[in-house]
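In: please find the sequence and the predicted model below.
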Amino acid sequence: MVATIGTAGDGRRLPRQARSQATHRALLTAAGERFAVQGFHGTALSELVGDGAATKGAFYFHFSSKQAVAEALVAAMTDSWDAVTDAVTTAGRDALEALVLLTDAVTVRLDDPVVRGAGRVLRDGVVASPTLAEISGWWRDQAEDLLGQAQRAGLLRPEADPAWVARELVAGFAGRATVNEAPGSPEALWDLMNDFWAGLLPLVATAEWRARWDARPWARRPRPLGVGPGDAEHLAVRPIGEPSTAP
């Protein structure tokens, strides 16, 4: 059974607060899809109100304007991120594995319409803060911190500079994500990033670390679960090499 707004999956009526949260999420999801495809400036307020995710009255109960929807999308994206970063650093056996898991989480999050819509809002320069540059900088700093930990643990080649590798990772991901968004793109972003790791890790990691890495089924690792803004209660990030228990 597919639940409608205000009902649980078995058809039971949700409590008022849960109904309100479900409506808020449904409105953000619908708006995120609109913004991702049409852009903020190309989407009329009447389209958001008329998408059918909720009544007109419910829409204006949650949002006062199109700008308020845009700000809520960005807030939902950023507010859910700390739990994800904590999960990947806990799941990773070392800092380099945590870096791959962090990128996995970013990849999977782009399947979430709230994240896609928030990303388009950032590209359209709609909110004053955070900017797209700030978001990229936060991710780059997190990547550099993990690479610094890997360096101190003796996992990086001597010539691998954590700051340079972090910049290349963020730039490489952004380029592949842009290619993946193009109509008719033949490869999924997950596969594009696997190709990226297959090329980058031999350049930056020690031979000993790479031998351990290549002995594990890293290319068949399970995708992280619950990393989107609307499903963090189902968060599950597994160490690479452990079997998936997901259905």
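Out: Nice, thanks for sending it over. Please read all numbers here as calculations on a predicted model, not as lab measurements.

In: pretty sure residue 56 contacts residue 49?
Out: Yes: in terms of CB atoms under 8 Å, residue 56 counts as a neighbour of residue 49; the distance is 5.4 Å. Placement of C-beta: from N, CA and C, glycine included.

In: mind giving me the domain ranges of the protein?
Out: With domains defined by automatic domain parsing, the chain comprises 16-71, 77-234.

In: circling back to that earlier point, who has more neighbours out of residue 56 and residue 49?
Out: residue 49 (19 against 10; other CB atoms under 10 Å).

In: hang on, the earlier thing: including distance to residue 241, could the domains of the chain go into JSON lines?
Out: Shown next, in JSON lines, are the domains of the chain (distance: least, CB to CB, whole Å):
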{"stretch": "domain 16-71", "distance to residue 241": "34"}
{"stretch": "domain 77-234", "distance to residue 241": "4"}
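
In: as CSV, the ones you listed with distance to residue 240 and mean pLDDT would be great.
Out: Output for the domains of the chain, formatted as CSV (distance: least, CB to CB, whole Å; pLDDT from 0 to 100):
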stretch, distance to residue 240, mean pLDDT
domain 16-71, 30, 91
domain 77-234, 5, 92
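
In: so what's the residue nearest the centre of the chain up against?
Out: Central residue check for the chain by CA atoms, centre = their mean: the C-alpha nearest the mean position is that of residue 109, 2.6 Å away. Counting by CB atoms under 8 Å, 6 or more residues apart in numbering, residue 109 makes contact with 77, 84, 115, 227-228.

In: rerun at 10 Å
Out: Each residue near residue 109 by CB atoms under 10 Å, 6 or more residues apart in numbering is listed here: 77, 80-81, 84, 115-116, 118-119, 224, 227-229.

In: which residues in this protein form helices?
Out: 16-38, 45-49, 56-62, 66-79, 81-91, 95-109, 113-123, 132-152, 162-181, 189-204, 207-214 (DSSP state H).

In: out of these, which comes closest to residue 238?
Out: helix 81-91 (6.1 Å; CB to CB).

In: specify the angle between the closest one and helix 132-152 in degrees.
Out: 20 degrees (axes from the mean of the first three to the mean of the last three CA atoms, to 10 degrees).

In: check which residues of helix 81-91 are buried.
Out: Buried residues in helix 81-91, defined by neighbour count with 16 or more other CB atoms under 10 Å: 81, 84-85, 87-89, 91.

In: just stretch 191-204 next, same as before
Out: Of all the residues in stretch 191-204, those buried under the rule 16+ other CB under 10 Å are 192-194, 196-197, 200-201, 204.

In: likewise for stretch 153-172?
Out: Result for stretch 153-172 [16+ other CB under 10 Å]: buried residues 155-156, 160, 162, 165-166, 168-170, 172.

In: and for stretch 107-124?
Out: In stretch 107-124, counting by 16+ other CB under 10 Å, buried: 107-110, 112-122.

In: one more: stretch 33-42?
Out: Under 16+ other CB under 10 Å, the buried positions of stretch 33-42 are 33-36, 40.

In: which residues touch it?
Out: Residues from elsewhere that reach stretch 33-42 (CB under 10 Å, 6+ apart): 31, 43-44, 47-48, 51, 53, 66-67, 69-70, 73, 110, 113-127, 181.

In: roughly how far does residue 34 sit from residue 28?
Out: 11 Å (CB to CB, to the nearest Å).

In: make that residue 128, sorry
Out: Residue 128 sits 20 Å away from residue 28 when distances are taken as CB to CB.

In: who has more neighbours out of these two?
Out: Higher neighbour count among residue 128 and residue 28: residue 28, with 25 against 7, using other CB under 10 Å.

In: that one against residue 80, yeah?
Out: No: using CB atoms under 10 Å, residue 28 makes no contact with residue 80, being 11.8 Å away.

In: shared neighbours, those two?
Out: Contacts common to residue 28 and residue 80, judged by CB under 10 Å, 6+ apart, are 114, 229-230.
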